[in-house]
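[1] Turn this into a structure:
(one chain, ligands or ions: 4)
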Amino acid sequence: MEYNRRNFISFLGKASLGVMITPPFLIRCGNTTTPPNTENFSEENLKRLKKIVLESLAPSDKDDLLLTNGLDYHTIVKWGDKISNQDTFGFNNDFTCFIPLDENNPKDGLLWVNHEYVNPLYVSDFNYREHEDPTKHRTKEQVDKEMYDVGGSIVRIKEVNGMWEIVENDPHNRRITGKTPIELNWDTPIKGKNTVIGTLANCSGGITPWKTFITCEENYDGFFGETTYDENNVATHIPSEYYGWENFYDYPPEHYGWVVEVNPKDGKAQKHIALGRFAHECCTLYELEDKRIVAYTGDDRNNEHLYKFISSKPSSLKEGTLYVADTINGKWLALDWENQPILKRKFKNQTEVLIRAREAAKLLGATALNRPEDIEIDPITGNILVSLTNNKSKNDFHGSILKIEETHGAFDALTFKASTYIAGGEENGFSCPDNLAFDLSGNLWITSDMSGSAMNKEDKPYMPFKNNSLFVIPRYGKDAGKVIRVASAPKDAELTGPWFSPDGKTLFLSVQHPGEQTEDLDNPTSKWPFDGDNIPKPAVVAITGDLIEKMNKLNQIESNL
Ligand code: FEO
Ligand code: CA
Ligand code: CA
Ligand code: CA
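    Residues are numbered from 1 along each chain as shown. Ligands and ions are numbered 1, 2, ... in the order given. Below you'll find the model as predicted:
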């Protein structure tokens, strides 16, 4: 561990141990390696923060966003809010990422928000519970509304008197939707196209060292279906089970399931084919000293895999090799058509290997994992943490967090050691880990994603945990290593997209799918955010308060007092 840590620090060009290391871009965009200003280190301030007790919330099934003592929240933007004269904020917000417009002002910048999927009951006035085959009973107008509300939003936000608010009509404000033309960052066309239509299923994401947003296409097969192949390589189109957009738009499934990069300044997007096609949860990038990029990304489906891309050229997400993890033998296996005879026998070329990455990974002997979700690099140890949310097909109901230690702490190593960092379950107080985030002190924040249909049900193993929540595992102090519940979500909701502002004082957080189990609009299961019309709405909130400040300074509190 110590070896890794030294090595990691040397990657970052840092000299000393014992100091919190903030990677130049990776922890939070806009953060720098400069320590917070000295007034924040005053003994008085540290003493005040030391008095704040870290209290764990009890599990709750209340329809509200509950926070532990020392935290407050306000809503920044919610579904349907006007962001400009043309555009409104999309549905089911997930990943958030904030980039300040000016690095010296952490209180004014561009917020990216993923819109993963829509609930037709709210978005397109279609109650799928009333139809046996929902894909057959929709109109084009309904589908158009749904296509508008997925993708992502760019919104300029500012903190004014401690409250974050959107700057309506700022020229940066825009929507990327299911209909936005997006270029492929690849030389060979896919299904005849170099530019495809739309992005969808945008779950989690990441940030590049050159300060652009990464948004990842996850359960793409729900929208335009999927192409499958038999043993003779004969293709069949499997229709989507739920949205049936292919009934109105002839867009091939192969145009979705990619990692997408968005330029914050002009909204221009591109899909990175070299990173493979599957249900990408997120994509976490690391920049090596020579500017080559390492990108970790997982496939959130039962028994699928963990991947990493290593670029061969500086700052490239195109030139390089995609690897898949054999976690049993600790090996990264190259999805390289040219040099892997087993892939040459099955696929025509590298493009086909990348489109059918799941099949290629299995041919190489990749390890089946329990639904890899978010991935973060521990800023102190350099270990890579991967949420494995659950795998009911293998009786893993509560999931775990996997720890990857690259050999000699080198992110471009081709061997590693895998172990369990922490397991979900009653003993540790959480179930189904999903998003991860490290704060400035290296404390780990975790959100849970128990499915809405299984939460708070007597006959399901999730009963003791009640509503989905946000947890923190402190790295320092008397609670080090404990799992503390700091927020509890409204009914049926999931807390997603935790992201710290550059000064570490605000935690941006999405509240996704409140009231998802609603069957009748007159009796919604949730009314959060309680804005007067009794309709639950996904929204992004800002969480602030002394407790965040305390967590950010736990290392100083421990060493200075
Ligand atoms: Fe969209 Fe894997 O959660
Ligand atoms: Ca997720
Ligand atoms: Ca994350
Ligand atoms: Ca999830």
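
[2] Can you give me the end-to-end span of stretch 386-398?
    End-to-end span of stretch 386-398 (Cα to Cα, to the nearest Å): 14 Å.

[3] buried stuff in it?
    Buried residues in stretch 386-398, counted by 16 or more other Cβ atoms under 10 Å: 386-391, 396-398. From N, CA and C alone the C-beta is placed, and that goes for glycine too.

[4] Among these, which ones are in helices?
    Counted as lying in helices by DSSP state H, out of the buried residues of stretch 386-398, is not a single one.

[5] Switch these over to a markdown table; also include pLDDT and distance to S448.
    A markdown table is the format used below for the buried residues of stretch 386-398 (pLDDT from 0 to 100; distance: Cβ to Cβ, whole Å):
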| residue | pLDDT | distance to S448 |
| --- | --- | --- |
| V386 | 98 | 15 |
| S387 | 98 | 10 |
| L388 | 98 | 13 |
| T389 | 98 | 9 |
| N390 | 98 | 10 |
| N391 | 98 | 16 |
| D396 | 98 | 14 |
| F397 | 98 | 12 |
| H398 | 98 | 9 |
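
[6] looking at it, M163 is touching D72, isn't it?
    No. Applying Cβ atoms under 8 Å, one finds M163 not in contact with D72, separated by 10.3 Å.

[7] quick revisit: can you tell me which two in the buried residues of stretch 386-398 are farthest apart?
    Spanning the widest gap among the buried residues of stretch 386-398 are V386 and F397, at 18.2 Å by Cβ to Cβ.

[8] any idea where the strands of the stretch 51-200 of the chain begin and end?
    In the stretch 51-200 of the chain, the strands defined using DSSP state E, counting those that start in this stretch lie at 66-67, 72-78, 93-100, 108-115, 151-160, 163-166, 174-176, 181-184, 195-197.

[9] Looking at those, which is nearest to ligand 3?
    Smallest distance to ligand 3 across the strands of the stretch 51-200 of the chain (Cβ to the ion): 7.7 Å, for strand 93-100.

[10] ok, that closest one: who's next to it in the sheet?
    Here strand 93-100 has these sheet partners by DSSP bridges: strand 108-115 (antiparallel).

[11] what are the ranges of the helices in the stretch 301-450 of the chain?
    Secondary structure of the stretch 301-450 of the chain by DSSP state H, counting those that start in this stretch: the helices cover 341-346, 350-355, 357-364.

[12] The stretch 101-250 of the chain now?
    120-123, 140-148, 221-224.

[13] how about the strands of the stretch 51-200 of the chain in TSV, adding distance to ligand 4 and mean neighbour count?
    Shown next, in TSV, are those (distance: least, Cβ to the ion, whole Å; neighbours: other Cβ atoms under 10 Å):
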stretch	distance to ligand 4	mean neighbour count
strand 66-67	21	18
strand 72-78	21	19
strand 93-100	9	25
strand 108-115	12	26
strand 151-160	18	22
strand 163-166	26	18
strand 174-176	21	23
strand 181-184	24	16
strand 195-197	25	17
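
[14] and of these, who's closest to A334?
    Checked against Cβ to Cβ, the stretch from the strands of the stretch 51-200 of the chain lying closest is strand 181-184, at 21.9 Å.

[15] What count of nearby residues applies to P461?
    Residues contacting P461 under the criterion other Cβ atoms under 10 Å number 17.

[16] same check, this time on E43
    The burial count for E43: 9, using other Cβ under 10 Å.

[17] Helix or strand: which one has the residue of the stretch 451-561 of the chain found nearest ligand 3?
    Using Cβ to the ion, the single residue of the stretch 451-561 of the chain nearest to ligand 3 is P498, 6.7 Å away. For P498, the host element (DSSP states H and E) is strand 494-500.

[18] now what about the next helix or strand after that strand, what contacts it?
    Following strand 494-500 in sequence order, the next helix or strand is strand 507-512 (DSSP H and E). Contact with strand 507-512 is made by 65, 73, 76, 92-96, 98, 111, 113, 116, 437, 439, 445, 470, 487, 489-490, 493-501, 528-529, 538-544, 548, as judged by Cβ atoms under 8 Å, 6 or more residues apart in numbering.

[19] Can strand 507-512 be said to contact ligand 4?
    No. Applying Cβ under 5 Å from the ion, one finds strand 507-512 separated from ligand 4 by no less than 9.5 Å.

[20] how far away is the nearest residue to S431 once chain neighbours are set aside from C203?
    Spatial nearest neighbour of S431, chain neighbours left out: H398 (4.2 Å); criterion: Cβ to Cβ, 6 or more residues apart in numbering. Using Cβ to Cβ, to the nearest Å, H398 is found at 20 Å from C203.

[21] Now for the nearest residue to the residue of the stretch 451-561 of the chain closest to ligand 3 once chain neighbours are set aside: which residues touch it?
    Leaving aside its sequence neighbours, P498 sits nearest to A437 (Cβ to Cβ, 6+ apart; 4.2 Å). Residues counted as contacts of A437 (Cβ under 8 Å, 6+ apart) are 376, 444-445, 498-500, 507.

[22] let's go with 10 Å and repeat that
    Neighbour list for A437: 27-28, 374, 376, 443-447, 470, 472, 497-500, 507-509 [criterion: Cβ atoms under 10 Å, 6 or more residues apart in numbering].

[23] now V53
    68-70, 478-479, 547, 550 are the contacts of V53 under Cβ under 10 Å, 6+ apart.

[24] Redo those as JSON lines? Include distance to ligand 3, pLDDT and neighbour count.
    Formatted as JSON lines, the contacts of V53 follow (distance: Cβ to the ion, whole Å; pLDDT from 0 to 100; neighbours: other Cβ atoms under 10 Å):
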{"residue": "T68", "distance to ligand 3": "21", "pLDDT": "98", "neighbour count": "20"}
{"residue": "N69", "distance to ligand 3": "25", "pLDDT": "97", "neighbour count": "13"}
{"residue": "G70", "distance to ligand 3": "23", "pLDDT": "97", "neighbour count": "18"}
{"residue": "K478", "distance to ligand 3": "26", "pLDDT": "90", "neighbour count": "9"}
{"residue": "D479", "distance to ligand 3": "22", "pLDDT": "94", "neighbour count": "17"}
{"residue": "L547", "distance to ligand 3": "20", "pLDDT": "97", "neighbour count": "24"}
{"residue": "K550", "distance to ligand 3": "21", "pLDDT": "95", "neighbour count": "23"}
